[in-house]
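Participant: output the structure for:
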Amino acid sequence: MKPSHTTPYPTLRLRPGREYTLVNGHPWLFSGAFETLKRLPRETPAGAVVDVVTSEGEWVGRGHLNANNSLAFRLLTRDRDEPIDQAFYVWRTQRALTLRRLLPAQTNAYRLINAEGDGLPGLIVDRYDRWLVAQFHTAGVELQREVILAALTQAIDEAEGVGSIEGIVARDDVKARAREGLAVGGASVIYGLAPSRIEIAEQGIRYEIDPLQGQKTGFFLDQREKRARVTELARQFASIPSGAASPRTLLNLFAYSGGFALAGLAGDPMLRTVNVDSSAPALELARRNYTLNGYDPDELGADDAPRHRFIDSDVTRHLHSAISSGKRFSIVVVDPPAFAKSQQAKERALHAYAALNELAAQVVAPDGLLLTCSCSGAIDAQEFEGAVRQGLRQAQRTARFIASFGPSVDHPTLPGFNEDRYLKALLLAMD
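Facilitator: Numbering: from 1, shown residues only. Got it, this is the predicted structure:
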């Protein structure tokens, strides 16, 4: 059951009217919202739990405080009788596990804790079969790291049996830690044992991931629904008479471990795929994933040309080459890294998205599909769509939007908390 206790915490008073954001569902307060942060006892550590009250003394919420950061307060609970202890973290983890039971049964990899979306700001925990990979982004969760680790294992043991989790990896290489005054380091095993390679399954597709050195926590779990859609689309393309969108090909840009291409092959094993990435280790991982799923990465087609290609190249350079040589693809997937991680970088990033989509649009075959993504938190969905429209206009291509993607079951967000909706994706049918 949800714990119910009353525990005293330091209390901070807000300026008049500054409780508005919390009362209306937003989980953050900036330093300017408080009457003063100088009244804190000197021994109060960054990340301490505090209570927040209105200018008239009415209790509003409880959360982590970092007076050294302009983003000073992150809400943990609106329940005054809920202490922030191990039982609190167990309860939040149990609630997160319940939501993840809505995921497809054919996957053993998912985001278990999605920070504010699961009521645990600053904490990211991804599950890969019997292992967890955690990121502690803020001083608050860093301060309670050991309590959180104990809660994670307790909640999962109670739900699934003791020993369900064999190891936990901490990825302290997240640059966001620096803004909180935390050290930015590397990856380490902080509980049990963890291998350097883990095999996971998603919708019947097998992937090998690297929890210690791989991008993010080892895999792009947030693209699951888009990969599933690509599988469906490739299957449908396979049933279309060969004149309409021929040849059946998929171009996977910023390919990393080949996820979108393998998703396409799951729908159409005869699909020809091209994976482009500027990281040779990523492409080698993609080749291993092809083999893991029964595809020969060096297979030749009937025309003696490679059925699958793994190209170590800058994506922009590759697209210019493909345009010059007149290459066209049935499905093109554009999944770049974040172009804008701050508001200062927004305008330049929007121009970059427009330029990238201008090039990508030119290599989509008539009646083909373009799936284009952005993981830049500083850019909202409307701004991203505007950049894509500009790219289409510059490419002199027309298209129809046929799908957009938002939060998924294992990446929940809060109503009104747009800052958390970093991932945007649009699916277009090209004319």
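Participant: how many residues are close by Arg78?
Facilitator: 16 (other CB atoms under 10 Å). Using the backbone N, CA and C atoms, a C-beta is placed for each residue, glycine as well.
Participant: shift numbering so it begins at 9
Facilitator: New numbering, starting at 9: the last item is Arg86.
Participant: so who does it touch?
Facilitator: 68-70 (CB atoms under 8 Å, 6 or more residues apart in numbering).
Participant: one more pass at 7 Å, please.
Facilitator: Gly69 (CB atoms under 7 Å, 6 or more residues apart in numbering).
Participant: could you do Glu240 as well?
Facilitator: Gly275.
Participant: tell me which element it is part of?
Facilitator: Assigned by DSSP states H and E, Glu240 belongs to helix 232-247.
Participant: Provide the contact partners of the helix or strand that comes right after that helix at residue level.
Facilitator: Downstream of helix 232-247, the first helix or strand assigned by DSSP H and E is strand 257-261. Contacts to strand 257-261, defined as CB under 7 Å, 6+ apart, come from residues 242, 266, 268-269, 272, 279-284, 323, 337-343, 368, 371.
Participant: repeat that for 6 Å
Facilitator: Residues from elsewhere that reach strand 257-261, judged by CB atoms under 6 Å, 6 or more residues apart in numbering: 268-269, 272, 279-284, 323, 337-342.
Participant: same thing with stretch 325-345?
Facilitator: With CB under 6 Å, 6+ apart, stretch 325-345 has contacts from 245, 253, 256-262, 268, 284, 367-368, 370-373, 376-381.
Participant: just to revisit the earlier point, farthest-separated two in the contacts of strand 257-261?
Facilitator: Leu279 and Val323 (20.1 Å; CB to CB).
Participant: out of those two, which sits in the busier spot?
Facilitator: Legend: neighbour count by other CB under 10 Å for Leu279 and Val323, higher for Leu279 (23 against 19).
Participant: residue contacts, that one?
Facilitator: So Leu279 contacts 242, 256, 258, 272-273 (CB under 6 Å, 6+ apart).
Participant: 10 Å instead?
Facilitator: For Leu279, the contacting residues are 242-243, 245-246, 255-258, 269, 272-273, 303, 315-316, 338-339, by CB atoms under 10 Å, 6 or more residues apart in numbering.
Participant: what of Leu400?
Facilitator: 362, 365-366, 368-370, 378, 406-407, 436, 438-439.
Participant: element containing it, please.
Facilitator: helix 389-403.
Participant: may I have the top strand by length along the chain as PDB, with CA atoms only?
Facilitator: Longest strand in the chain by number of residues (criterion: DSSP state E): strand 372-382. C-alpha atoms of strand 372-382 as PDB (Å, rounded to 0.1, in the frame of the first residue of the first chain):
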ATOM      1  CA  VAL A 372      12.300   9.100 -51.300                       C
ATOM      2  CA  ALA A 373      10.700   7.400 -54.200                       C
ATOM      3  CA  PRO A 374       7.400   8.600 -55.500                       C
ATOM      4  CA  ASP A 375       4.700   7.100 -53.300                       C
ATOM      5  CA  GLY A 376       7.400   6.200 -50.800                       C
ATOM      6  CA  LEU A 377       7.500   7.100 -47.100                       C
ATOM      7  CA  LEU A 378       9.600   9.400 -44.900                       C
ATOM      8  CA  LEU A 379       9.800   8.900 -41.200                       C
ATOM      9  CA  THR A 380      11.600  11.800 -39.700                       C
ATOM     10  CA  CYS A 381      12.400  12.300 -36.000                       C
ATOM     11  CA  SER A 382      13.700  14.900 -33.600                       C
END
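Participant: re the thing from before, which among the contacts of Leu279 end up buried?
Facilitator: 242, 245, 256-258, 269, 272-273, 303, 315-316, 338-339 (16 or more other CB atoms under 10 Å).
Participant: of all these, which comes closest to Leu79?
Facilitator: When the buried ones among the contacts of Leu279 are ranked by distance to Leu79 (CB to CB), Ala269 comes first, at 38.3 Å.
Participant: so that closest one: helix, strand or coil?
Facilitator: Three-state call for Ala269 (DSSP: H, G, I helix; E, B strand; the rest coil): helix.
Participant: confidence score at it?
Facilitator: pLDDT for Ala269: 98.
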